[in-house]
Each structure stands twice: as structure tokens, then as C-alpha cells.
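Asks: Just a sequence and a predicted model for now, questions to come.
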Amino acid sequence: MGPGDGGRGWSGPPFPLILLGLLGVAFLAGRAVRRMAAPIGDVMEAADRVAGGDYSTRVQVRGPGEVGRLASSFNQMTERLQANETQRRALLADVAHELRTPLSVIRGNVEGMLDGVYPPDEAHLGPVLEETAVMARLLDDLQILSTAEAGVLRLHRERVDPAALAQDAAAAFRSRADRHGVGLDCHAAGPVPEVEVDPVRIGEVLANLLTNAIRHTPRGGSVRVEVGPAPEGVAFTVSDTGPGIDARDLPHVFDRFVKSADSGGAGLGLAIARSLVEAHGGRITAESVPGEGTIMRFVVPAVESATGSSG
């Protein structure tokens with residue numbers, strides 16, 4: 001400070017120290033930017049690979065705070081995409097498998113009639129009609145399943161007595177049970193509140209459950225339909241005295257195209273049942289002990305707790 005500055009002037013740290021401090025801050029900031037830029041670059045490169053169809057792509061979870069969470073979220077997204085792609089391919093393979101048999105029958109009979117090997121009579125036209133009906137049912141089931149899973153299935157809701165729904169379903173299957181030598185009864189456990197459901201769709205759920213129960217119950221066995229109040233609403237239960245389901249298969253009974261060796265369907269019945277129940281805001285479960293039968297139970301909200309309108 002010179003004699004003519006009146007005592008005013010710089011009184012802080014020497015300028016070289018300030019410059020050194022600024023350089024240090026810049027260095028640390030640069031390191032922080034590099035720490036963030038590298039993992040973000042990894043995610044950007046991985047996103048390009050996913051856009052190209054490689055859903056197995058994963059990135060290393062690294063970097064500070066939000067950057068690390070970004071990598072973790074990216075990995076979770078690609079895992080879901082890979083699982084969805086696997087399910088899509090499996091579905092296409094299953095549909096192709098289910099269509100192959102009826103198409104082979106149709107083709108064989110039609111070619112035989114065109115070549116003059118078979119006469120165009122009922123014996124050879126009948127199987128063609130039956131197999132077209134099989135394919136029509138498969139396509140109808142797939143349409144119901146896809147619309148229900150997408151949340152766009154139209155439900156025509158009504159306030160109905162759940163006990164009456166259960167009794168109607170049991171009455172419709174009583175003659176089938178009699179032909180199989182299986183007892184079938186229906187029981188309502190005490191006063192049951194009304195439900196606001198699509199009675200046709202809930203009837204389809206009960207029909208699927210009763211079809212499986214009667215098919216897998218040996219002659220002399222029994223199937224029971226019960227309906228009663230539950231904490232979540234109203235519970236419908238279909239139980240049988242059949243051989244039960246293996247513990248390894250039990251978690252997958254509601255998956256598409258899962259069926260037993262003696263099943264006559266495509267393995268979509270229980271998948272449709274689950275989708276229809278969930279479309280009503282309910283849930284469905286299966287319990288089974290090999291050799292002691294199976295219990296299928298689904299719950300839908302009662303009128304007091306039902307929400308939403310027909311849709």
C-alpha cells in the first residue's frame with residue numbers, strides 16, 4: 001500500500017492465493033463433472049442399444065446420488081422390457097402351437113376331399129366344422145384376455161345377489177357333474193351383501209372354475225360352491241376332492257397356456273378368470289394339497305365398497 005492511497009486498498013489474502021483457490025475449486029468441479037458425465041454417457045449408449053432391440057442391456061450402477069439412481073432405474077426398465085419381450089414370444093409360440101392341430105385336421109380333410117380321396121360327407125366335413133369352432137373359441141378367449149389385461153374390457157355392471165349367481169352357475173353344471181359321477185352342491189354362508197358386477201363375466205369365472213373342478217374330480221368325488229362375506233367384499237369358493245395340484249405348478253395355474261396333461265382346452269380358462277376378477281377390482285387365489293383336492297377362491301368388492309361405474 002503506497003503513501004498516497006489514504007489508507008484504502010486491498011486488505012484480503014494475496015492475489016496468488018485467491019488464484020490458487022479458484023484453480024482448486026475448478027479442479028474439484030471438473031472432477032465432479034467427470035464423475036457424473038461418465039455414468040450418464042453409459043446410460044446414453046445403453047439406451048441406443050435398447051432402441052436397437054437389445055433388451056438384455058444393463059449399465060453399471062455408479063456415480064453420485066441421482067446419477068446412480070438413474071442407472072438403477074434404467075436397469076429396472078430394461079428388465080421389464082426383456083420380460084415383456086419373452087412373454088410376447090412365448091405367447092406367439094403357444095398360439096401357433098394351439099392352432100397347428102386344428103389347421104392340420106382342416107387341411108388334411110379338405111385336401112382329401114378335393115383330391116377325391118374322401119367323399120364330402122358328414123364324416124369328413126364334421127371334423128372341419130369342429131376344428132374351426134376350436135379356433136374360434138381360442139381367438140375369442142385371446143380377445144377377452146387381451147382386452148381385460150389392457151383394462152379396456154367393457155363391463156355391464158348390475159347390483160346382484162351373489163348367492164343367486166353361485167346357484168345359477170351350479171345349476172348349469174349339475175347335469176355335467178351327474179354324467180361324471182361327481183356330486184355338486186352350492187351353499188351360502190349367512191347373509192351376503194350384494195355386489196355390483198357384470199353377471200355374465202362373473203358367470204364365466206364360475207364356469208371356468210367349475211369346468212376344471214368337475215374334470216379333475218374322480219367319480220364318487222364332490223365339488224362344492226360357496227359364497228359368503230369376506231373382509232374385502234364377497235368371496236366365491238369352488239372346491240373339489242380331486243388329486244390336487246403339484247406344489248411346483250401351483251404358482252403358475254393362472255398363467256396363459258398352462259394346463260394339465262388331461263386338459264381338453266387351450267390352457268386359457270384360469271388366465272381369463274383372473275383377468276375378469278381383476279377387472280372387477282377383485283383377486284383370485286388357488287390352494288391345493290396333492291391328494292386332498294383344490295380350492296379356488298375369488299373375492300369381489302361388495303356394493304358398499306364398490307367403486308367406479310360401468311365401463
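Replies: Yep, it's here. Numbering: from 1, shown residues only.
Asks: residue boundaries of the strands in this structure?
Replies: 158-160, 183-188, 195-197, 222-230, 233-240, 283-288, 294-300 (DSSP state E).
Asks: Out of those, flag the one nearest residue 69.
Replies: Proximity to residue 69 (Cβ to Cβ) singles out strand 283-288 among the strands of the chain, at 31.7 Å. Yep, even glycine has a C-beta here, placed from its N, CA and C like the rest.
Asks: Between strand 233-240 and the closest one, find me the angle.
Replies: Put simply, strand 283-288 runs at 30 degrees to strand 233-240, going by axes from the mean of the first three to the mean of the last three Cα atoms, to 10 degrees.
Asks: Could you measure from residue 79 over to residue 240?
Replies: 38 Å (Cβ to Cβ, to the nearest Å).
Asks: okay, these two: which has more neighbours?
Replies: Using other Cβ atoms under 10 Å, the more surrounded residue of residue 79 and residue 240 is residue 240, with 26 against 13.
Asks: quick one: contacts for that one?
Replies: Contacts for residue 240 (Cβ atoms under 8 Å, 6 or more residues apart in numbering) come out as 213, 214, 216, 217, 221, 222, 223, 224, 293, 294.
Asks: before we move on, what about residue 191?
Replies: So residue 191 contacts residue 229 (Cβ under 8 Å, 6+ apart).
Asks: before we move on, what about the one 4 residues further on?
Replies: When contacts are counted by Cβ under 8 Å, 6+ apart, residue 195 touches 159, 160, 162, 202, 233, 234, 300, 301, 302, 303, 306.
Asks: Pull the contacting residues for the residue nearest to the second one when sequence neighbours are not counted.
Replies: Right, residue 160. Take residue 160 and drop its neighbours on the chain: the residue closest to it by Cβ to Cβ, 6 or more residues apart in numbering is residue 199, 5.3 Å away. When contacts are counted by Cβ under 8 Å, 6+ apart, residue 199 touches 158, 160, 165.
Asks: got the strands of the chain as JSON lines, with mean pLDDT and distance to residue 57 columns?
Replies: As requested, the strands of the chain are exported to JSON lines (pLDDT from 0 to 100; distance: least, Cβ to Cβ, whole Å):
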{"stretch": "strand 158-160", "mean pLDDT": "94", "distance to residue 57": "49"}
{"stretch": "strand 183-188", "mean pLDDT": "94", "distance to residue 57": "53"}
{"stretch": "strand 195-197", "mean pLDDT": "95", "distance to residue 57": "44"}
{"stretch": "strand 222-230", "mean pLDDT": "95", "distance to residue 57": "44"}
{"stretch": "strand 233-240", "mean pLDDT": "96", "distance to residue 57": "43"}
{"stretch": "strand 283-288", "mean pLDDT": "94", "distance to residue 57": "34"}
{"stretch": "strand 294-300", "mean pLDDT": "96", "distance to residue 57": "39"}
